[in-house]
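**Q** predicted model, plus sequence, below.
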Amino acid sequence: MKKILLFALFGALLVGCGSKGGSEEGEGAAVDAVVTVDMATATTRSVRDLLPIDGSYVLATNDFAKLAPQTSGRLLDVYVKEGDAIKQGQLLAKIDTSVQDAERSSAVSGSAAADAQAKQSQASFQAAKAEYEATVRAAKLNLETTVTEENSSVDQAKVDLDRIRAGARPQEIAQAEQAVRQAKVTRDKAKIDADRDQKLLKDGLVSGQQADASKAAFEVAESALTQAKSQLDLLKAGARPEELKAAELRYQSAVDLRKKRIDLAKANLEQAQKASLGVDAKRQEALATALAAQGKRSDSSAAAGMAAYGDIRAPFDGVVTRKLLGKGASVDSSTPVLEVARKNASVEFLGQTSPRNSTKIREGMSVLIEGTDDEAGIVRSVGVADPQSGQVPIRIVFNHPPAHVSAGLYARVDVVQRHVSNAIVIPDGAIVTRDDKKVAFVVEGDETKMREIDLGPSEGGFTAVEKGIKPGEKVVIVGQHELSDGAKVQDAAAQPDEKAAPAGDKKPAKQGDGD
């Protein structure tokens, strides 16, 4: 491939030198140089996101124990030595508990007194609580009743005020207007009759009595019209000012009274609720005395069991791995006397990682054993950072014991952070760094396109691409470091073996348009 690259470079120089002043023909020929590269196709597959953890194999937590007494005292005797086989429940060592026996009697008396005080405090609290709840319920009921009654009074006053303000209803006004129209028609007809009879009276065609009757009918109709108009005017004018003022005063008085009575009911409720402070004090007192009594009972129970606490017994069948103290030693609950291991104990893995990596690990994640593809382990616990080393302990248990390992053996395992199904993957070699960005050269026809890519997890020489590459696209995996965007390339796999023909017989894969 080096020969091909040198040949292409030599050809480009020859074309460039054949043109004075850097002509356009020379520049075009140089651009058309073809680079032979190796390619690979982006595919889809399942990829695991792995996080390596260094550490060592240790005995399983449930298969190993450091035995210490549950009380302090002098070690009367240790009945086993290192390497001895032990049975579950076997007495291995004994502590002198004569001092604790004396303390037991005092603890029992203190427990009885504390129980009596706790019962009295609880009774006082329950009584105060019942009284408080009853008072609050009554105050709430009074507030609800007051709000309902006062709202009803205000609503009624508002209805009366609105009725007086609104005056006559539209139907009443319409009826009065109709009466005016009817009275006017009657008056107009009576006037016509009266005028006609007066004219006929002059001509002697009607009697004076008839003329007087028609005139009287006209005057009655005129009076009826005047009365109908007056009634209509009254309806349109509405209530008298003094009636409206009285209604407004009644409404405002109802509103003011409602506020005062509701405020008073709220104040009574708040006063009742403030009594909760006293109830809380009673409750805290009852709680404190109950806790004190519980502590006294615990002290009494602890003191009562001191004789048994003086015995150190085997937690399981196994073997004594270390004897740490002997007869006469002073011990307490933080002082191990013996270390024992279960018979046929299994192993776990105890590793360490940085605090930053520990945030990516959760209990229950699968784990790959070093050198295998078997997810045989799971994360049991993620600890807290050690103040000295700054590392976070990670404990891993196995579904089945790893082969050929033992406690104390250093190793590395991989925590499976996630499974990415149908991930688009490319070979690790296709990934190039340009300007602090991850890119790949994608082959489109006979040219390469430099694409910025977002990377996912890597496994087995392949890396998932979350953005920038599609399945089936070809990427350059050899020769990519010398490429630039838009470079022309040819697939090395599609070219004849370099040894098949001399370098001088090879021709460029593609010539420029001007050649």
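**A** Okay, I see it.
**Q** and the helices in this protein?
**A** Under the criterion DSSP state H, the chain contains helices at 2-17, 24-31, 98-166, 170-202, 208-237, 241-274, 276-304, 306-309, 355-358.
**Q** which other helices and strands does the fourth one contact?
**A** The one in question is helix 170-202. helix 208-237 (3 or more CB pairs under 8 Å, 6 or more residues apart in numbering; DSSP states H and E). Backbone N, C-alpha and C define where each C-beta goes, glycine included.
**Q** what average pLDDT does the helix it packs on get?
**A** Mean pLDDT, computed over helix 208-237, is 82.
**Q** again with stretch 60-75
**A** 85.
**Q** how about the CA coordinates for it, as PDB?
**A** What follows is stretch 60-75 as a C-alpha-only set of coordinates in PDB (Å, rounded to 0.1, in the frame of the first residue of the first chain):
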ATOM      1  CA  ALA A  60     -18.000 -15.300  51.100                       C
ATOM      2  CA  THR A  61     -19.500 -13.000  53.800                       C
ATOM      3  CA  ASN A  62     -21.700 -15.800  55.200                       C
ATOM      4  CA  ASP A  63     -18.900 -18.300  55.100                       C
ATOM      5  CA  PHE A  64     -16.400 -16.400  57.300                       C
ATOM      6  CA  ALA A  65     -16.700 -14.800  60.700                       C
ATOM      7  CA  LYS A  66     -14.700 -13.000  63.300                       C
ATOM      8  CA  LEU A  67     -15.900 -14.100  66.700                       C
ATOM      9  CA  ALA A  68     -16.000 -11.500  69.500                       C
ATOM     10  CA  PRO A  69     -17.900 -11.600  72.900                       C
ATOM     11  CA  GLN A  70     -21.200  -9.700  73.200                       C
ATOM     12  CA  THR A  71     -20.000  -8.200  76.500                       C
ATOM     13  CA  SER A  72     -16.700  -7.000  78.000                       C
ATOM     14  CA  GLY A  73     -14.800  -9.000  80.600                       C
ATOM     15  CA  ARG A  74     -11.900 -11.300  81.200                       C
ATOM     16  CA  LEU A  75     -11.300 -14.300  78.900                       C
END
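**Q** and the gap between residue 326 and residue 338?
**A** The gap separating residue 326 from residue 338 is 11 Å, by CB to CB, to the nearest Å.
**Q** now the common contact residues for these two.
**A** Shared contacts of residue 326 and residue 338, defined by CB atoms under 8 Å, 6 or more residues apart in numbering, are found at residue 78.
**Q** between those two, which one's more packed in?
**A** Using other CB atoms under 10 Å, the more surrounded residue of residue 326 and residue 338 is residue 338, with 24 against 12.
**Q** contact partners for the more buried one?
**A** By CB under 8 Å, 6+ apart, residue 338 lies in contact with 66, 67, 78, 80, 92, 93, 312, 320, 322, 323, 324.
**Q** let me know the closest of those to residue 33.
**A** Checking these against residue 33 with CB to CB, the nearest one is residue 66 at 73.3 Å.
**Q** skipping adjacent residues, who's closest to that closest one in space?
**A** Closest residue to residue 66 apart from its sequence neighbours, by CB to CB, 6 or more residues apart in numbering: residue 336 at 4.1 Å.
**Q** hmm, residue 321 and the one you found touching each other?
**A** No. Contact between residue 336 and residue 321 fails when scored by CB atoms under 8 Å: they sit 11.4 Å apart.
**Q** what's the burial count for the residue nearest to residue 66?
**A** Using other CB under 10 Å, residue 336 has 16 neighbouring residues.
**Q** filter the contacts of residue 338 down to the buried ones and hand me the ChimeraX line.
**A** A single ChimeraX command selects the buried members of the contacts of residue 338 (16 or more other CB atoms under 10 Å):
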select :67,78,80,92,93,312,320,323,324
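**Q** save the contacts of residue 338 as JSON lines, and put in distance to residue 257 too.
**A** Shown next, in JSON lines, are the contacts of residue 338 (distance: CB to CB, whole Å):
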{"residue": "66", "distance to residue 257": "80"}
{"residue": "67", "distance to residue 257": "81"}
{"residue": "78", "distance to residue 257": "90"}
{"residue": "80", "distance to residue 257": "91"}
{"residue": "92", "distance to residue 257": "86"}
{"residue": "93", "distance to residue 257": "86"}
{"residue": "312", "distance to residue 257": "82"}
{"residue": "320", "distance to residue 257": "90"}
{"residue": "322", "distance to residue 257": "89"}
{"residue": "323", "distance to residue 257": "91"}
{"residue": "324", "distance to residue 257": "86"}
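**Q** which ones are touching the residue nearest to residue 475 when sequence neighbours are not counted?
**A** With CB to CB, 6+ apart as the criterion, residue 475 has its nearest non-adjacent residue at 4.3 Å, and that residue is residue 430. Residues near residue 430 by CB under 8 Å, 6+ apart: 40, 440, 441, 475, 476, 477, 480.
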